[in-house]
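Colleague: Give me a 3D structure for the following:
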Amino acid sequence: MTEQEKMNAGLWYDANYDEDLINVRRKAQSLCSRMNQLDMADTESRSEYIRELLGYEPDHLDLVLPFMCDYGKNIRLGEYVFINANCYLMDGALITIGSHTFIGPYCGFYTASHPLQYKYRNQGLEKAQPVTVGENCWFGANVSVMPGVTIGNGCVIAAGAVVTKDIPDNSLAAGVPAKVIRTIDQDSDLTD
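Modeller: Residues are numbered from 1 along each chain as shown. Alright, predicted model coming up:
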């Protein structure tokens with residue numbers, strides 16, 4: 001198997017020294033870098049970069065620059081997703097973000113993990129696990145979502161949270177590591 005095939009299969013792969021993966025990442029990061037230099041009013045050029053980076057153009061994506069990802073092609077965004085400035089999607093595995101999800105500034109979605117033993121880390125090995133976010137979620141600033149996590153529909157993740165485990169639908173989660181604080185009643189009246 002190639003290193004990319006291992007990566008796609010969720011196996012340990014050489015992320016640091018495999019020339020093919022390095023070249024794919026460099027291309028994606030170069031696209032991000034060029035896109036990040038655009039004037040925010042240049043929506044046509046930004047759309048072209050997004051199409052080239054992701055391989056499609058998400059419906060009604062509102063992406064505030066700067067933005068960074070590793071591969072681009074492993075990102076699936078629903079309709080009306082908002083991604084604020086300085087977000088990073090480490091997409092060695094698939095990152096899926098459902099429709100009508102708001103992502104605050106400086107958030108990170110991470111699919112890669114490294115071995116605990118340095119002799120394997122020094123060989124460049126890592127493993128990528130998918131991250132899945134449901135629809136109608138809101139992430140405060142500086143949220144980190146770790147490899148293999150699934151976040152249900154209608155969730156709110158408080159600023160600064162580090163999500164290491166799955167979060168069920170309609171949950172308010174906060175803290176390091178993030179814990180469910182309460183269930184959100186989606187049919188209740190608007191509160192302060």
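Colleague: Please tell me how far Asp18 sits from Val24.
Modeller: 10 Å (Cβ to Cβ, to the nearest Å). Every residue, glycine included, has its C-beta placed from N, CA and C.
Colleague: From the contact counts, what lies against the longest helix belonging to the chain?
Modeller: Longest helix in the chain by number of residues (criterion: DSSP state H): helix 19-36. Where contact means 3 or more Cβ pairs under 8 Å, 6 or more residues apart in numbering; DSSP states H and E, helix 19-36 is packed against helix 3-8, helix 43-54, strand 67-69.
Colleague: Return the most buried member of those.
Modeller: Mean neighbour count (mean count of other Cβ atoms under 10 Å) peaks for strand 67-69 among those, with a mean of 20.
Colleague: Show me the contact partners of the very next helix or strand once past that strand.
Modeller: Sequence order places strand 75-77 as the next helix or strand after strand 67-69, per DSSP states H and E. Residues from elsewhere that reach strand 75-77, judged by Cβ atoms under 8 Å, 6 or more residues apart in numbering: 54, 58, 61, 69, 89, 91, 94-97.
Colleague: So which of those residues belong to strands?
Modeller: Judged by DSSP state E, the subset of these located in strands is 69, 89, 95-97.
Colleague: Looking at those, spot the one nearest Leu11.
Modeller: Ile95 (18.4 Å; Cβ to Cβ).
Colleague: That closest one: neighbouring residues, count only.
Modeller: 24 (other Cβ atoms under 10 Å).
Colleague: If I follow the layout properly, it ends up in contact with Phe109?
Modeller: Yes: the pair Ile95 and Phe109 passes the contact test of Cβ atoms under 8 Å, sitting 5.2 Å apart.
Colleague: Overlap of the contact sets of the two?
Modeller: 89, 131.
Colleague: okay, and the common contacts of Asp18 and Val24?
Modeller: With Cβ under 8 Å, 6+ apart as the test, Asp18 and Val24 both reach Gln4.
Colleague: What strands line up against the one helix or strand Lys127 maps to, and which way round?
Modeller: Element membership of Lys127, judged by DSSP H and E, is strand 125-128. Using DSSP bridges, strand 125-128 pairs in its sheet with strand 13-14 (antiparallel), strand 112-113 (antiparallel).
Colleague: hang on, the earlier thing: make JSON lines out of the ones in strands among the contacts of strand 75-77 and add pLDDT and distance to Gln186.
Modeller: Formatted as JSON lines, those follow (pLDDT from 0 to 100; distance: Cβ to Cβ, whole Å):
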{"residue": "Cys69", "pLDDT": "98", "distance to Gln186": "31"}
{"residue": "Leu89", "pLDDT": "98", "distance to Gln186": "27"}
{"residue": "Ile95", "pLDDT": "98", "distance to Gln186": "25"}
{"residue": "Thr96", "pLDDT": "98", "distance to Gln186": "21"}
{"residue": "Ile97", "pLDDT": "98", "distance to Gln186": "19"}
